Structures are given as structure tokens and as C-alpha cells.
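Visitor: What follows is a protein structure lacking sequence information:
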């Protein structure tokens, strides 16, 4: 795939002043996607190159990319780079009806079946870099100021665990699931389900998963992720 260059029209870097620099970087990248500067399947510049061109710190750019990844707009893989998925429209993929019409309950069933095995497999493949990324996402979620920010870090942690498996087919399967999860009905379910009490449960679940991954304990990682997925399902569909 072709490496893409700077945004069309030589647009100036995002502003440096004020709060919300990650949001500014996110908005800048979104505009580049919308105006066709970056095509579906193209590889985005590296974090370092984006940070240099935008005049921002790498961790700020990484957070903006986390936001795009959580929305299913981009896919990232260690050693492979960052790619634009489906022209940047997480809802625009022409999926067969079995996917396009998948209900939230069906998607959660797939996640309960899939993600414990992913966590187990990640134990055997995660590098020191991956383990550091798990910790970064865990810390970001626990420091999140609100539900929306917590959801961002939650998605980034799950995606980091998938990426640690280094399996392109698995990346693609999870990208489809994430595109379905980006639909409006998912947002409503997540907003309803993420009470302060449930957030505390999810944070404890995340700590257990990351601890098992760091210990290379495959059985514990599988079970911790399974408990977490069941808790997420129960929180989303609680009456």
C-alpha cells in the first residue's frame, strides 16, 4: 500500500494553544479523511511524522489516533503501521446482510466467544512494548474524567490486546466488529450501561486482564477477559 503524504492543499498545522490538543489533532485528521487526502486502505504517516507536521507531542497524536481507532476509522498493527479503514466511514462498509443487520446482542455473543481466546493468545505474543501499551491504556481509563473518555481508553485497551496477537486476519475480523459497534444504537447502550458502579467493575476487570497478560498466565487471561465480557453484556442489557 502506498505511503500517503501531507494533507491536500498544504493546510496549516493545528493550533498549539489552549486545551483539547488531542481533539484538535483528531479534528485535523478527520478533515483530511473527509476531503479525500487519505484514501481507503492507505497507510497513515507514523506518529512521529504526524507529531512533527502538526507541531504536537507524540502522546497527543497517539491519543487522537486512539479516538479514530475506537471509532473503527483506522486499524493499527505493531510493525505494520496505521491504515485508513473503509474511507474513514465506520458505517459505510458494504457488508453482507448477516453482518449489516447484526444486533448488539449478537455482537456481544461474538465478543464473549472471541475476546477470551484473544487475551489468551496475546499472552504468548505480547512484547515489552505491548505490555507498556496495556499499562498506558489502563492508566488512561482509570484517570478518565467522564464516561466518553473512559470508553475511548476501554476501546484502546481491547484493540491493543488484539494488536499484540499479530494476526492480520484477526485484525480484520475485529475491525468489522468495531464498525458495527460504532453505530448509534451502541452509543446509547454504552451510555446507559456505564454507571459509576459499573465503571468501577470494568476498571477492576481491566486490571485483572492486564495483570494476567503481564504474568503470561494464559488461563487467568482467558478467564479475566471472559468475566469482563459477561459484565459488559450484563451492563449493556440490564433493564
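Guide: Received it, and whenever you're ready, just let me know what you need. All of these numbers come straight from a predicted model, not from anything done at the bench.

Visitor: Would you mind identifying the helix or strand in this protein with the lowest mean pLDDT?
Guide: Comparing helices and strands within the chain by mean pLDDT, DSSP states H and E singles out helix 97-100 as the least confident, with a mean of 60.

Visitor: Quick one: name whatever helix or strand follows it.
Guide: helix 104-125 (DSSP states H and E).

Visitor: Next secondary structure element downstream of that next one?
Guide: Per DSSP H and E, helix 104-125 leads on to helix 128-143 as the next helix or strand towards the C-terminus.

Visitor: Check which residues of that following helix are buried.
Guide: For helix 128-143, the neighbour count (16 or more other CB atoms under 10 Å) marks 130-131, 133-134, 136-138, 140-141 as buried. Quick note: C-beta positions are derived from backbone N, CA and C, even for glycine.

Visitor: which of those residues lies closest to residue 200?
Guide: Among the buried residues of helix 128-143, residue 141 lies closest to residue 200 (CB to CB), at 11.4 Å.

Visitor: who's in contact with that closest one?
Guide: With contacts defined as CB atoms under 8 Å, 6 or more residues apart in numbering, the neighbours of residue 141 are 150, 153-154, 157, 203, 206.

Visitor: how about the residues you listed in JSON lines, adding distance to residue 45?
Guide: Supplementary listing: those in JSON lines, determined by distance: CB to CB, whole Å:
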{"residue": "150", "distance to residue 45": "28"}
{"residue": "153", "distance to residue 45": "23"}
{"residue": "154", "distance to residue 45": "26"}
{"residue": "157", "distance to residue 45": "24"}
{"residue": "203", "distance to residue 45": "33"}
{"residue": "206", "distance to residue 45": "30"}
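
Visitor: What about the residues you listed, which one has the most neighbours?
Guide: For these, counting by other CB atoms under 10 Å, the largest number of neighbours falls to residue 154: 26 neighbours.

Visitor: That one touches residue 209, doesn't it?
Guide: No: because the distance of 11.2 Å does not satisfy CB atoms under 8 Å, residue 154 is recorded as not touching residue 209.
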